[in-house]
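K.L.:
sequence and predicted structure below; questions after.
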Amino acid sequence: MRLCEKYGVDVEWHCKPLGKDVDWNGSGMHSNFSTDYMRTIGGKDYFEALMAAFDKYKNEHIAVYGPDNHLRLTGLHETQSIDKFNYGIANRGASVRVPHSFVNNGYKGYLEDRRPNSQGDPYKIAGRILQTIATVPTPGAKKKK
């Protein structure tokens, strides 16, 4: 922002500044996330339970993922529709993109939620992601005393 001020340039934070009818992807704030459990234990069963939780709470996620996201999440331009949830390996059109490395490493590593937009509050986004993760049991995890 300071650099823009210096050169008299304005920043447009809107997720679809050119409008929804322009053949353009829009502006996202893709959120990469992981937990210690996801990086060290993971597993396909845990991953599938996690994705089921993300589907269950899709509306709660969308509620904090930035205003006007309905203009961006249309199912076009490398997005999933705002009212649907899906995931896919290296799928840039999925709600959650799963890196090849995640699957190749025994379903361990990080994931990318592609739904948040450029006007989202990163603290609310991270908080919602963590709330959803917390609903999924972590078999084999060490319990804190």
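P.N.:
Thanks, I have it. Residues are numbered from 1 along each chain as shown.
K.L.:
which residues are in contact with stretch 84-98?
P.N.:
Residues from elsewhere that reach stretch 84-98 (CB atoms under 8 Å, 6 or more residues apart in numbering): 30, 51, 54-55, 58, 75, 78-80, 99-100, 103, 111-115. Where you see a C-beta, it was placed from the backbone N, CA and C, and this is true even at glycine.
K.L.:
what about these, which are in helices?
P.N.:
51, 54-55, 58, 100, 103 (DSSP state H).
K.L.:
name the residue closest to the centre of the chain, please.
P.N.:
With distances taken as CA atoms, centre = their mean, Asp113 lies nearest the centre of the chain, 1.6 Å away.
K.L.:
show me the shaky parts of the protein.
P.N.:
142-145 (pLDDT under 70).
K.L.:
repeat the analysis, applying 90 as the threshold.
P.N.:
Within the chain, the ranges that satisfy pLDDT under 90 run 1, 11-13, 15-27, 76-78, 139-145.
K.L.:
would you mark the buried spots in the helix or strand hosting Ile62?
P.N.:
Following DSSP states H and E, one finds Ile62 within helix 58-64. Neighbour counts over helix 58-64 (16 or more other CB atoms under 10 Å) mark 58, 61-62, 64 as buried.
K.L.:
next structured bit after it?
P.N.:
helix 69-72.
K.L.:
ok so, going back, what residues does the helix holding Ile62 touch?
P.N.:
Outside helix 58-64, the residues touching it (CB under 8 Å, 6+ apart) are 54, 69, 73, 82-85, 95, 113, 115, 120-121, 124-125, 127-129, 131-132.
K.L.:
list buried residues within those residues.
P.N.:
54, 69, 73, 82, 85, 95, 113, 115, 120, 125, 128-129, 132.
K.L.:
hey, where'd the strands end up in the chain?
P.N.:
For the chain, applying DSSP state E gives strands covering 31-33, 87-89, 96-98, 111-113.
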